[in-house]
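Colleague: sequence-free structure coming up:
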């Protein structure tokens, strides 16, 4: 069986480290729906798909304006 790493579930701590924010910031984003960062709720546990986090980073990437 092959494991697809893009479907790996990440903890809030792992995602916070990837994004350079605090775990509390992720909780605030979830509660206010400030950003479209998808997450999975399993009971009281919050998890993020690696693929969704990478897509979120891509959407937040800003290219310099052409002159």
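Modeller: Done, it's in. Because the structure is a prediction, the values reported are computed rather than measured. Numbering: from 1, shown residues only.

Colleague: what's near enough to touch the residue most central in space within the chain?
Modeller: Nearest residue to the geometric centre of the chain (C-alpha atoms, centre = their mean): residue 53, 3.5 Å. Taking C-beta atoms under 8 Å, 6 or more residues apart in numbering, we find residue 53 in contact with 10, 15, 18-19, 37. C-beta here means a position set from N, CA and C on the backbone, and glycine is covered the same way.

Colleague: out of these, which sit inside helices?
Modeller: Of the contacts of residue 53, the ones assigned to helices by DSSP state H are 15, 18-19.

Colleague: what's the neighbour count on residue 15?
Modeller: Other residues near residue 15 come to 21 when the count uses other C-beta atoms under 10 Å.

Colleague: what sits against residue 38?
Modeller: Residue 38 touches 48-49, 52, 56, counting by C-beta under 8 Å, 6+ apart.

Colleague: strands along this protein, start to end?
Modeller: With DSSP state E applied, the chain shows strands at 9-10, 40-42, 45-49, listed in chain order.

Colleague: and those: which comes nearest residue 64?
Modeller: Of all the strands of the chain, it is strand 45-49 that lies closest to residue 64, at 28.7 Å by C-beta to C-beta.

Colleague: list the helices and strands that closest one packs on?
Modeller: If you count contacts as 3 or more C-beta pairs under 8 Å, 6 or more residues apart in numbering; DSSP states H and E, strand 45-49 packs onto strand 9-10, helix 12-19, strand 40-42.

Colleague: show me what residue 47 bridges to in the sheet.
Modeller: residue 40 (DSSP bridges).

Colleague: may I see the buried residues of stretch 22-37?
Modeller: Residues 26, 29, 37 are the ones in stretch 22-37 that count as buried (16 or more other C-beta atoms under 10 Å).

Colleague: and of the residues you listed, the nearest to residue 64?
Modeller: Checking the buried residues of stretch 22-37 against residue 64 by C-beta to C-beta gives residue 37 as the nearest, at 24.2 Å.

Colleague: can you pull the pLDDT of that closest one?
Modeller: Note for residue 37: predicted pLDDT of 95.
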